[in-house]
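Q: Okay, sequence plus prediction incoming.
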Amino acid sequence: MSNYVKIFDTTLRDGEQSPGATMTSAEKLEVARSLARMGVDIIEAGFPAASPDDLEAVRRIAAEVGNPASGQDEARVPVITGLARANKSDIDKAWEAIQGAQKPRIHTFLATSPIHMKHKLKMDPEEVVQRVSEMVAYARTLCADVEFSPEDAGRSEPEFLYVVLGEAIKSGATTLNIPDTVGYTTPDEFYKLIDGIIKHTPGMHEGITVSVHCHDDLGLATANTLAGISAGARQAEVTINGIGERAGNTSLEEVVMTLKTRHPIFGLETGIETKQIARVSKLVSNYTGMVVQPNKAIVGANAFAHEAGIHQDGMLKHQTTYEIMRPEDVGVNQTKLVLGKHSGRHALRNRLAEMGHSLDEAELDLAFARFKELADRKKVIADADLEAIIADEFYRPRDVFYLEGLQVSCGTLGMPTATVRLRGPDRVIHNFASMGTGPVDATYKAIDAIVGTPCKLLEFNIHAITEGIDALGEVTVRIQSENGLHTMDAQSEGVFSRVFGGHGADTDIIVASAKAYINALNKLIIAKTEGAQPVANNFGVMLG
Ligand code: KIV
Ligand code: ZN
């Protein structure tokens with residue numbers, strides 16, 4: 001059996017499905033590029049049947065990330081896949097979206113647990129077997145690489161799974177992915193499930209990859225994934241920061257770093273360049289507005305912090321006393337780039353290129369202007385500051401509204417008041433002044449008055465990106481549309497009110513707060529005008 005574990009990243013599909021993780025097409029493309037640079041083997045770029053917008057985002061990723069850039073080693077080009085329910089319409093849409101990739105894969109699924117078959121699908125087990133066999137065979141007429149997932153496998157009868165998976169192999173599936181959809185199993189059970197599937201599925205052979213896909217409802221996703229790998233699975237489906245439905249999916253960084261740190265136990269390799277983990281984690285957190293909890297394994301702010309005196313003392317004597325991984329192995333230690341007012345474009349361009357951002361001349365002009373502005377206010381500029389500038393300047397959605405100016409008065413002596421100037425669509429300038437309970441409230445009220453799109457602020461987070469009094473402040477927000485803007489996920493036929501994340505960075509925290517809010521509002525407005533298309537469910541009924 002191979003000692004290589006393929007890393008299948010579903011941040012852009014299962015991850016993006018989690019409330020508030022909505023990303024724009026430009027953001028999705030940038031995440032896909034970063035995943036490819038990091039060495040992910042397979043990128044699940046989305047669920048093309050969800051909307052024409054989703055299909056287009058997957059198509060762009062297939063074309064731009066799924067083909068070798070000039071000079072790129074072809075072996076490093078990731079497989080691009082799109083999810084499809086087991087019906088022809090979904091499969092056609094997935095194929096339409098991914099066929100421009102050099103290595104396309106169709107990923108189709110159908111539930112196999114008694115609960116799902118009876119209550120959700122309203123299908124008999126025999127009908128499920130028949131549908132799987134027909135739809136996998138149909139997908140194979142379009143694409144040579146087909147993955148099949150029996151949804152809710154964790155609560156399915158193992159003997160029934162052997163039958164369904166055997167039919168999938170007969171019909172041409174090349175990867176069999178075993179999802180613990182509701183995060184119900186324990187590591188011991190999951191090991192036995194995967195072991196049984198490998199041993200008892202008719203037609204199982206070396207050319208079939210068995211994959212694991214776990215959810216974290218009981219906090220066992222990583223443990224279950226590793227148990228599945230120990231039993232012989234050679235593909236792990238994961239997301240950056242573990243984002244995903246409900247409590248999330250297995251996190252990429254936890255699986256990859258466990259296999260690396262405990263190599264003597266597992267004896268397995270991945271193709272992930274681990275030094276890029278921290279950077280990609282930050283990128284996804286910024287774009288989704290989903291803040292990583294400080295004590296999150298590997299990528300949390302405290303993952304390598306040593307507070308207790310006894311620990312600090314040990315660390316000073318030898319790093320290995322309390323550290324099982326080196327922070328630099330996951331890219332946590334910041335390279336300080338000492339650039340100041342007198343530094344040139346060339347140095348900035350080189351550093352950004354080393355960090356993986358290749359900007360054209362116009363983009364470099366913009367980044368350089370922001371960099372100079374920051375260098376006037378801050379002596380030492382770290383990579384994290386540059387990441388914040390790049391995220392803020394380039395990967396925000398097309399501006400519908402843009403912050404032109406902000407003046408705030410606050411303190412103990414008067415009413416907090418904000419005057420906001422926004423450039424709106426058609427370059428029209430709007431000014432509005434508002435009072436509020438504090439400077440952020442006043443600012444958001446003024447922005448609301450100009451933008452006129454009702455929404456609820458669900459979450460507001462602020463923190464300093466680097467240490468020191470002159471640090472950049474970074475704000476992430478999550479807002480929910482109030483006027484019935486809905487989304488649809490792959491596993492249900494239901495629609496949900498959409499949540500949008502926003503990100504802003506500035507040395508002035510009220511300006512950062514305004515930018516984050518406008519960033520989220522811009523996403524909401526774009527989704528309202530472009531994305532809210534009707535979508536078809538499993539059985540061809542149109543959902544609004
Ligand atoms: O959790 C799940 O069952 C899934 C499948 C669609 C693979 O995400
Ligand atoms: Zn899932």
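A: Arrived safely. Ligands and ions are numbered 1, 2, ... in the order given.
Q: For stretch 520-530, buried residues please.
A: 520-528 (16 or more other C-beta atoms under 10 Å). C-beta here means a position set from N, CA and C on the backbone, and glycine is covered the same way.
Q: What mean pLDDT does it get?
A: Mean pLDDT, stretch 520-530: 83.
Q: Give me every residue in the stretch 51-200 of the chain lying close to ligand 1.
A: 83, 109, 149, 151, 177, 179, 181 (C-beta under 6 Å from any ligand atom).
Q: let's see it at 5 Å
A: 109, 149, 151, 179, 181 (C-beta under 5 Å from any ligand atom).
Q: beta partners of the fourth one?
A: Partner residues in beta bridges with P179: H213, with DSSP bridges as the criterion.
Q: Quick check: it touching H213?
A: Yes - taking contacts as C-beta atoms under 8 Å, P179 lies within contact range of H213: 4.1 Å.
Q: Against ligand 1, how distant is the closest residue in space to R423 that isn't next to it in sequence?
A: Distances taken as C-beta to C-beta, 6 or more residues apart in numbering put Y402 closest to R423, at 4.5 Å, once the chain neighbours are dropped. Counting by C-beta to the nearest ligand atom, to the nearest Å, the separation of Y402 from ligand 1 is 37 Å.
Q: How many residues are close by Y402?
A: As a burial measure, Y402 scores 14 neighbours (other C-beta atoms under 10 Å).
Q: May I see the buried residues of the helix or strand P264 falls within?
A: P264 is part of helix 263-266, with elements assigned from DSSP states H and E. Across helix 263-266, burial judged by 16+ other C-beta under 10 Å covers F266.
Q: Could you do stretch 424-431 as well?
A: Buried-residue list, stretch 424-431, by 16+ other C-beta under 10 Å: H430.
Q: Check stretch 61-81 too.
A: For stretch 61-81, using 16+ other C-beta under 10 Å, the buried residues are 61-66, 77-81.
Q: those helices in the stretch 401-544 of the chain, which residues are they?
A: With helices called from DSSP state H, counting those that start in this stretch, the stretch 401-544 of the chain shows them at 439-451, 509-526.
Q: To ligand 1, which of the ones you listed lies closest?
A: Evaluated over the helices of the stretch 401-544 of the chain, closeness to ligand 1 peaks at helix 509-526, with 23.6 Å, by C-beta to the nearest ligand atom.
Q: got the angle between that closest one and helix 439-451?
A: 30 degrees (axes from the mean of the first three to the mean of the last three C-alpha atoms, to 10 degrees).
Q: before we move on, the earlier item: wait, what's in contact with the residue nearest to R423?
A: By C-beta atoms under 8 Å, 6 or more residues apart in numbering, the residues touching Y402 are 422-423, 518.
Q: What of V475?
A: 460-462, 503-505, 509, 512-513, 515-516.
Q: List only those of those residues flagged as buried.
A: 460, 462, 503-505, 509, 512-513, 515-516.
Q: And these, which two are furthest apart?
A: F460 and A505 (14.6 Å; C-beta to C-beta).
Q: Surely T24 and I526 touch.
A: Yes - the pair T24 / I526 is scored as a contact, 6.9 Å apart, by C-beta under 8 Å.
Q: Tell me, how many residues neighbour T11?
A: Residues within reach of T11, counting by other C-beta under 10 Å, total 32.
Q: And R423, by the same measure?
A: So R423, with other C-beta under 10 Å, has 16 neighbours.
Q: which residues do P179 and H213 both contact?
A: With C-beta under 8 Å, 6+ apart as the test, P179 and H213 both reach 149, 237.
Q: And these two? Which one has more around it.
A: H213 (30 against 25).
Q: packing partners for whatever helix or strand D92 lives in?
A: Using DSSP H and E, D92 maps to helix 88-98. Under the contact criterion of 3 or more C-beta pairs under 8 Å, 6 or more residues apart in numbering; DSSP states H and E, helix 88-98 touches strand 42-46, helix 52-64, strand 79-85, strand 104-111, helix 125-142.
Q: quick one: the last one to chain centroid distance?
A: Taking C-alpha atoms, centre = their mean, to the nearest Å, the mean C-alpha location of helix 125-142 is offset from the chain mean by 30 Å.
Q: Who are the packing partners of it?
A: helix 88-98, strand 104-111, strand 146-151, helix 158-171.
Q: Figure out which of the ones you listed is closest to E361.
A: It's helix 88-98; of the helices and strands packed on helix 125-142, that one is closest to E361 (C-beta to C-beta) at 31.8 Å.
Q: neighbouring contacts of the closest one?
A: 45-46, 48-49, 55-56, 58-59, 62, 66, 80-84, 104-108, 135, 138-139, 142-143, 536, 540.
Q: okay, among the contacts of V475, which ones form the most distant pair?
A: Longest span within those, C-beta to C-beta: F460 and A505, 14.6 Å.
Q: Alongside ligand 1, which residues does the chain contribute?
A: 14, 109, 149, 151, 179, 181.
Q: Dump the residues you listed into JSON lines; add distance to H430 and pLDDT as well.
A: Putting the residues of the chain next to ligand 1 into JSON lines (distance: C-beta to C-beta, whole Å; pLDDT from 0 to 100) gives the following:
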{"residue": "D14", "distance to H430": "39", "pLDDT": "97"}
{"residue": "F109", "distance to H430": "47", "pLDDT": "98"}
{"residue": "S149", "distance to H430": "49", "pLDDT": "98"}
{"residue": "E151", "distance to H430": "48", "pLDDT": "98"}
{"residue": "P179", "distance to H430": "48", "pLDDT": "98"}
{"residue": "T181", "distance to H430": "47", "pLDDT": "98"}
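Q: Understood, closing this out.
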